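Asks: how would this look folded up:
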Amino acid sequence: MKKINENIDILINKGLIINDGLEVKRLKSGTTNGVLYTLHYNEIPTYVMKIDTPEIITATKDFLVAYNDVGLFPDVLYTDDEKEFIAYSYISGETHFNRGSKIEWMTLLIKELFNKYKKVDKDTPWGRIDGIHRNSWSEFNQSSLESALRNIGDLFPSEDHKRIEILVNKLKSYHDQEEKYYLHGDTGVHNFVYLDNKLTGVIDPSPLIGPKIYDFTYSFCSSPDSLNLSTLLSLFSLWDNDSFNKERLMDEVLFQLYTRIGVCIKVHPHDLNDYMEAWKEWRKYLPSN
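Replies: From the prediction side, this is the model:
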């Protein structure tokens, strides 16, 4: 508790919080590797403190500051000079569950987040801000393909794996001309906060330089419900991008669904049966040559 107490003292000495009625509780970290605490006042959670590596704290702070006009994100309270912790506002609700319909929460995401994403300079490298930089988006996809292939293995027939490889090669022709955007990078239901069956917040960015379509398809595939073409096309009609056609959209979703199943096997196998049912329908759209 020494580090958290030192950080609390910094916030108090800066006049950012007061000690009266303050209670600190450790949170389960979920998908993040950092240590999370909530700061409660009179039993009401008010702030979150995240302790992590300087690279992650810096990436998180820079992203939240860059998008401080997005109401779904928490407001940054403070980041220390050494970039050992960040404190930001608490968003009430729960992740994963009681989400309401995918149409409703993704509509809000599209209007309030995805359509506000900013382009970055063409010289900015692709990939994770705090991770491995890539020479191209195709290189990022190739890494995702290899990881998913290892995780899925014999669960899929070899034909499906081969057709996915054909698909990834097809996507290269799109990505050669792709514009770069500053993305949240982990837009799944595990990082969405819901209250009364409505989306109220987005947390825990893993900032990424990539095409805007990535966060859209990642969100769509992040839960196994409503993974159908009619839902997808209804949502995509709200998306501010006129350079996409239906074929490319479906190709991007197919690859995202494939990689999502790979993650599902490893991290949340309880969803696997539902994802496999969805795959039965989507695999029909895989290229064959």
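Asks: Tell me where the stretch 151-289 of the chain has helices.
Replies: Counting by DSSP state H, counting those that start in this stretch, the stretch 151-289 of the chain has helices at residues 158-175, 213-221, 229-236, 246-267, 272-282.
Asks: now, of those, which is deepest in the fold?
Replies: Greatest average neighbour count among the helices of the stretch 151-289 of the chain goes to helix 213-221 (a mean of 24), per mean count of other C-beta atoms under 10 Å. Using the backbone N, CA and C atoms, a C-beta is placed for each residue, glycine as well.
Asks: isn't there a helix covering Glu146?
Replies: Yes: membership of Glu146 in a helix is supported by DSSP: H, G, I helix; E, B strand; the rest coil.
Asks: Isn't Lys246 up against Leu229?
Replies: No: checked against C-beta atoms under 8 Å, the pair Lys246 and Leu229 is beyond contact range at 9.1 Å.
Asks: export the helices of the stretch 151-289 of the chain to JSON lines and tack on mean pLDDT and distance to Thr124?
Replies: Converted to JSON lines, the helices of the stretch 151-289 of the chain look like this (pLDDT from 0 to 100; distance: least, C-beta to C-beta, whole Å):
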{"stretch": "helix 158-175", "mean pLDDT": "94", "distance to Thr124": "15"}
{"stretch": "helix 213-221", "mean pLDDT": "97", "distance to Thr124": "15"}
{"stretch": "helix 229-236", "mean pLDDT": "95", "distance to Thr124": "26"}
{"stretch": "helix 246-267", "mean pLDDT": "96", "distance to Thr124": "21"}
{"stretch": "helix 272-282", "mean pLDDT": "97", "distance to Thr124": "32"}
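Asks: how about those helices in a markdown table, adding distance to Arg150?
Replies: Shown next, in a markdown table, are the helices of the stretch 151-289 of the chain (distance: least, C-beta to C-beta, whole Å):
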| stretch | distance to Arg150 |
| --- | --- |
| helix 158-175 | 11 |
| helix 213-221 | 19 |
| helix 229-236 | 27 |
| helix 246-267 | 8 |
| helix 272-282 | 16 |
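Asks: give me the number of residues near the closest residue in space to Ser136 that isn't next to it in sequence?
Replies: Counting by C-beta to C-beta, 6 or more residues apart in numbering, the nearest residue to Ser136 once its immediate chain neighbours are dropped is Trp126, at 6.1 Å. Using other C-beta atoms under 10 Å, Trp126 has 20 neighbouring residues.
Asks: Against Met250, how distant is Trp126?
Replies: Trp126 is 23 Å from Met250, where distance means C-beta to C-beta, to the nearest Å.
Asks: same thing with Asn241?
Replies: For Asn241, the distance to Met250 equals 15 Å [C-beta to C-beta].
Asks: Please apply the same query to Tyr194.
Replies: Distance from Tyr194 to Met250, by C-beta to C-beta: 28 Å.
Asks: Strands of this structure, start to end?
Replies: Under the criterion DSSP state E, strands of the chain are mapped to 22-27, 35-41, 44-51, 76-79, 85-89, 126-128, 133-134, 181-183, 192-195, 198-202, 208-210.
Asks: is it true that Tyr67 touches Pro74?
Replies: No: Tyr67 is beyond contact range of Pro74, at 10.7 Å (criterion: C-beta under 8 Å).
Asks: that older thread, looking at the helices of the stretch 151-289 of the chain, spot the one closest to Val120.
Replies: helix 213-221 (13.6 Å; C-beta to C-beta).
Asks: ok, now which ones touch Arg99?
Replies: 105, 189, 192, 194, 197, 199, 223 (C-beta atoms under 8 Å, 6 or more residues apart in numbering).
Asks: nope, Ile17 is what I was after
Replies: Per C-beta under 8 Å, 6+ apart, neighbours of Ile17: 8, 11, 39, 47, 77.
Asks: mind pulling up the phi and psi values for it?
Replies: Reported as degrees, to the nearest 10, the phi and psi values for Ile17 are phi -140, psi 170.
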